[in-house]
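K.L.:
fold the following.
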Amino acid sequence: MRQLFGTDGIRGIAGTAPLDTTTVYAVGLALAHQLRPGALATGMIGPRVIVGRDTRESSPWITNMLAAGLRAGGAEVESAGVVPTPAIAFLAHTHGFHAGVVISASHNPWQDNGIKLFGSDGKKLPDQTELAIEEIIFKDAITATAPEIESVAQVEDQPNYADEYVASLLAAVPGLNLDGRKIVLDCANGAAAAVASRLFSGLGGDVTLLNVAPDGRNINDHCGALHPKTVAAEVVKRRADLGLTFDGDADRCLAAGSNDNVINGDALMLIAARDLKQRGLLTGDVVVATTMSNMGLESALKRSGITMLRAAVGDRYVLELMQLRDAALGGEQSGHILFPHLATTGDGLLTALVVLDLIARTGKTIEELTADLKVFPQVIVNVKVREKRPLEEIPAVVERIRAAEADLADSGRVVIRYSGTEALARVMIEAESEELMRVHAEAIAEAIRDELGV
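P.N.:
Sure thing, here's the model as predicted:
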């Protein structure tokens with residue numbers, strides 16, 4: 001059973017377990033030990049690891065402490081500095097590093113942080129590898145004496161890695177020209193702020209960058225993909241054609257049109273799927289979404305002759321099913337979009353470029369491209385829980401779920417799951433009847449609160 005790793009690495013409040021100095025050092029030490037056999041097999045004394053971070057005030061010390069553990073385990077460590085999460089995935093794969101590590105808590109508030117791990121293939125480590133690292137941590141590494149933060153050597157950042165990542169993004173959409181278009185980008189005071197100016201400076205057009213002044217505590221603060229209405233309002237205010245917004249580590253992207261309308265990951269997958277199909281690039285005419293994607297997306301794709309498959313929530317699980325079905329496109333409603341022919345992991349900046357390229361080639365607005373997407377009303381109720389007990393073992397919760405499913409029948413869906421990164425139970429219901437949707441969502445949430453609430 002997992003004790004540290006969730007669906008997207010290790011996450012918590014910086015300075016407290018599991019992101020205290022002892023555990024962070026132990027994670028580095030355990031990762032080095034896990035990687036050592038692979039390094040020896042390639043004729044190297046120890047593994048090579050590349051690290052990157054977002055803009056939180058805790059990210060530098062966590063990076064340095066993790067690097068200290070890696071070095072104690074015999075690893076060689078290089079740093080790309082402040083870069084988006086997908087930059088580390090790209091660099092790990094391109095330069096033959098045995099692993100890549102990102103210090104980030106993605107869309108979470110500044111007090112939180114996290115550790116995300118990528119393999120030499122540029123993909124997130126499989127569950128069994130993370131479990132093996134946990135076993136090393138709790139068996140041996142956690143007993144190692146971590147050095148004092150003040151005595152730990154800082155990892156020197158190498159800015160050329162960020163430049164190489166930007167060049168790879170531009171190469172993915174050759175010939176993109178934004179002349180005649182007015183674009184607003186919200187960088188969430190996060191990792192996108194470190195590279196967005198370089199990325200868009202040569203593409204032409206009138207591009208405005210918002211929230212590009214991180215101070216360590218303003219990451220995701222009423223901005224970015226967690227607050228897409230921010231960029232939507234700016235698009236209207238500036239009379240722009242399109243807005244694009246990223247989360248703290250820039251691995252997700254949402255959009256906003258000129259009518260103050262937010263365009264989520266479902267809509268972006270729809271337009272990308274149709275474009276790929278038209279160009280003969282949508283293998284098997286299949287798209288992989290998750291259990292959280294709206295029934296409206298499924299219907300719209302079906303009208304275009306495209307089958308939608310549903311994976312568990314988490315881009316790693318989307319990718320697993322994509323690989324199983326040789327799918328060319330997958331993603332999440334939250335804006336994690338996967339283009340495996342272009343990148344090894346979800347990349348918000350890449351998604352932005354793909355969308356801009358699609359608009360430039362078709363000459364259509366984002367509203368025109370998504371006009372026939374009829375979204376079923378959907379509600380998500382988050383319930384704070386003190387423990388993540390299996391919901392199927394709680395009779396009152398089971399009873400209310402069954403009642404909702406019977407009432408909604410074929411005109412709605414019920415999805416209940418625990419967050420992989422927070423102490424939350426998520427109750428999601430979508431239905432043609434908004435009234436029934438809200439009644440049942442609150443009834444299920446109340447049953448969970450009564451049994452597990454804090």
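K.L.:
what are the ranges of the strands in the stretch 201-350 of the chain?
P.N.:
206-210, 242-246, 253-256, 262-263, 286-290, 307-311, 330-331, 337-338 (DSSP state E, counting those that start in this stretch).
K.L.:
contacting residues for D54?
P.N.:
Contact analysis of D54 by CB atoms under 8 Å, 6 or more residues apart in numbering lists V82, V102, I103, S104, A105, G190, A191, I219, G248, D249. To be clear about C-beta, it is placed using only N, CA and C from the backbone, and glycine gets the same treatment.
K.L.:
of the residues you listed, keep whichever come out buried.
P.N.:
Buried members of these, scored by 16 or more other CB atoms under 10 Å, are V82, V102, I103, S104, A105, G190, A191, I219, G248, D249.
K.L.:
and of these, the nearest to F138?
P.N.:
I103 (21.4 Å; CB to CB).
K.L.:
I'd say the closest one and S59 touch.
P.N.:
Yes - look at I103 against S59 with CB atoms under 8 Å: they come within range, at 4.8 Å.
K.L.:
which neighbours do those two share?
P.N.:
R53, N113.
K.L.:
mind pulling up the pLDDT for Q3?
P.N.:
Q3 is assigned a predicted lDDT (pLDDT) of 83.
K.L.:
likewise for D315?
P.N.:
Listed pLDDT for D315 reads 88.
K.L.:
quick check: closest non-adjacent residue to it.
P.N.:
H336 (4.5 Å; CB to CB, 6 or more residues apart in numbering).
K.L.:
show me what contacts that neighbour?
P.N.:
H336 is in contact with D251, R252, G265, D315, V318, G346, counting by CB under 8 Å, 6+ apart.
K.L.:
what's the separation between the first one and E435?
P.N.:
To tie it back to what came earlier, the one meant is D251. Computed as CB to CB, to the nearest Å, the D251 to E435 distance reads 36 Å.
K.L.:
neighbour count winner among these two?
P.N.:
Per other CB atoms under 10 Å, whichever of D251 and E435 has more neighbours is D251, with 32 against 9.
K.L.:
next one: phi and psi at that one?
P.N.:
Main-chain torsions, D251, degrees, to the nearest 10: phi -100, psi 0.
K.L.:
that one against G346, yeah?
P.N.:
Yes - the pair D251 / G346 is scored as a contact, 4.9 Å apart, by CB under 8 Å.
K.L.:
what touches both of the two?
P.N.:
Taking CB under 8 Å, 6+ apart as the contact rule, D251 and G346 both touch P86, D315, H336.
K.L.:
okay if I get the residues you listed as JSON lines plus distance to L185?
P.N.:
Output for those, formatted as JSON lines (distance: CB to CB, whole Å):
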{"residue": "P86", "distance to L185": "16"}
{"residue": "D315", "distance to L185": "22"}
{"residue": "H336", "distance to L185": "18"}
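K.L.:
so which of the residues you listed are in helices?
P.N.:
P86, D315 (DSSP state H).
K.L.:
now, among the shared contacts of D251 and G346, which is nearest to K123?
P.N.:
D315 (9.9 Å).
K.L.:
now that closest one: how far from N108?
P.N.:
Distance from D315 to N108, by CB to CB: 16 Å.
K.L.:
more crowded one of these two?
P.N.:
D315 (25 against 22).
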